[in-house]
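Engineer: Build me a model:
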Amino acid sequence: MAYYQPQQSVTTAMSDVSQEDPSEGFGPSRLGVRTTVDEPLSASQAIEVLQAGNRRFVQGDVKAGGLGPDMRRALASHGQRPVATVIGCADSRCPVEQLFDARPGDLFVLRNAGNTCTHAEGSMVGSVEYSVAILETKMILVLGHTGCGAIMGATKLFLERSTQKYIEMTCRKDAQESTDQSTEASESAQPPQPGCSKKKSTLLGLLDALVPVAEQACVELEGGSTEEIAAHAVKVNVWRTINFLLSYSLIIREKVASGEVELQGAVYNMSSGAVEFLGKSPKQEKLLNHDGHVVPSMGGLARQVS
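Structural biologist: Just a heads-up that it's a prediction; the model follows:
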């Protein structure tokens with residue numbers, strides 16, 4: 001069977017079970033697109049089709065194309081059976097489906113700036129739990145990318161703070177600013193100062209939450225340039241998101257521990273188009289013994305519901 005064959009009718013399609021090699025597309029599909037009439041792919045099969053799809057993307061030999069009326073109706077009528085769940089960055093240059101040569105229904109994609117669970121953590125973790133518990137995806141891939149603006153912003157913020165430039169730049173008009181406010185803790189505790197040149201914003205809060213990623217990357221590189229620290233921080237951030245999922249989701253943790261689901265990291269190179277697959281978190285075995293059941297921001301709500 002070809003990658004996706006047009007179907008004459010749903011009845012005809014249902015009677016022809018595909019024997020397609022998962023490495024040649026997005027797995028066997030009875031209706032030309034993956035729906036609930038298809039079996040879930042294993043984690044190893046899922047990673048194979050992701051790798052194969054990215055190779056097609058890099059080579060310019062994409063096959064996904066568009067969806068005809070029959071395929072759209074099949075998805076609408078029979079529901080979704082995605083091959084994998086992908087947490088990616090919101091960067092418009094990193095369209096997750098395209099870089100894996102995928103169609104609607106192939107991937108369950110979650111995106112935000114910095115491919116992180118730091119903000120909207122309940123929404124991100126809850127959505128991943130839905131994908132593995134209800135949609136039965138067996139592979140969760142956290143996908144960072146080179147040249148990430150969120151990571152670069154957090155890196156610059158960390159370096160500015162570490163040299164006290166952050167205080168000078170944001171509160172230079174306040175001559176009475178105490179020098180002990182140069183620490184990150186006191187800075188975050190202070191309300192916006194009158195006359196500050198940089199206004200507080202949700203974006204700044206997001207970057208602030210990613211500062212520990214840049215700090216860890218700086219320590220591991222021991223004196224690298226801003227660009228080198230930011231590049232390394234992309235991988236550090238991938239591991240951080242994976243570790244967060246393992247730490248605060250009992251559903252994900254149990255499925256990973258049983259071997260039913262795999263949680264891996266990857267980095268997309270915007271210049272080459274290639275995805276570097278990083279494998280599992282070095283801390284996975286340790287985190288499988290963690291006892292977190294609900295992300296911190298959802299703890300109170302979860303108690304109310306229960």
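
Engineer: Helix, strand or coil: sort out Glu129 for me.
Structural biologist: What DSSP: H, G, I helix; E, B strand; the rest coil gives for Glu129 is helix.

Engineer: Just confirm it contacts Ile251, I think it does.
Structural biologist: Yes: using Cβ atoms under 8 Å, Glu129 is in contact with Ile251, at 4.6 Å. Using the backbone N, CA and C atoms, a C-beta is placed for each residue, glycine as well.

Engineer: Could you tell me which residues touch both of those two?
Structural biologist: Shared contacts of Glu129 and Ile251 (Cβ atoms under 8 Å, 6 or more residues apart in numbering): none.

Engineer: Name the helix or strand for the nearest residue to Leu288 once chain neighbours are set aside, please.
Structural biologist: Spatial nearest neighbour of Leu288, chain neighbours left out: Ala257 (4.9 Å); criterion: Cβ to Cβ, 6 or more residues apart in numbering. Using DSSP states H and E, Ala257 sits within helix 250-258.

Engineer: got a list of contacts for that helix?
Structural biologist: 125, 128-129, 132-133, 140, 245-246, 261-263, 284, 287-288, 290, 292-293.

Engineer: Give the buried subset of the residues you listed as a ChimeraX selection command.
Structural biologist: To isolate the buried subset of the contacts of helix 250-258 in ChimeraX, counting by 16 or more other Cβ atoms under 10 Å, use the following:
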select :125,128,129,132,140,245,246,261,262,263,284,287
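
Engineer: quick one on the thing from earlier: return the set of buried residues in the helix holding Ala257.
Structural biologist: Those would be 251-253, 255-256, for helix 250-258 by 16+ other Cβ under 10 Å.

Engineer: closest to Ala90 among those residues?
Structural biologist: Closest approach to Ala90 among the buried residues of helix 250-258 (Cβ to Cβ): Ile252, at 22.1 Å.

Engineer: Distance check, that closest one against Val132.
Structural biologist: According to Cβ to Cβ, to the nearest Å, Ile252 and Val132 sit 6 Å apart.

Engineer: tell me, what's touching those two both at once?
Structural biologist: With Cβ under 8 Å, 6+ apart as the test, Ile252 and Val132 both reach 140, 261.

Engineer: The helix or strand where Gly144 lies - which strands sit beside it in the sheet, and in what orientation?
Structural biologist: Secondary structure from DSSP H and E places Gly144 in strand 139-145. Sheet pairing for strand 139-145, assigned by DSSP bridges, gives strand 84-89 (parallel), strand 262-268 (parallel).

Engineer: got the CA positions of the helix or strand containing Glu160 in PDB?
Structural biologist: For Glu160, the host element (DSSP H and E) is helix 149-162. The C-alpha coordinates for helix 149-162 follow below in PDB (Å, rounded to 0.1, in the frame of the first residue of the first chain):
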ATOM      1  CA  GLY A 149      14.100  32.700  21.100                       C
ATOM      2  CA  ALA A 150      12.600  31.800  24.500                       C
ATOM      3  CA  ILE A 151      15.800  30.000  25.500                       C
ATOM      4  CA  MET A 152      18.000  32.800  24.200                       C
ATOM      5  CA  GLY A 153      15.900  35.400  26.100                       C
ATOM      6  CA  ALA A 154      16.200  33.400  29.300                       C
ATOM      7  CA  THR A 155      19.900  33.000  28.800                       C
ATOM      8  CA  LYS A 156      20.400  36.700  28.300                       C
ATOM      9  CA  LEU A 157      18.300  37.400  31.400                       C
ATOM     10  CA  PHE A 158      20.300  35.100  33.500                       C
ATOM     11  CA  LEU A 159      23.600  36.600  32.300                       C
ATOM     12  CA  GLU A 160      22.400  40.100  32.900                       C
ATOM     13  CA  ARG A 161      21.300  39.200  36.400                       C
ATOM     14  CA  SER A 162      24.600  37.500  37.200                       C
END
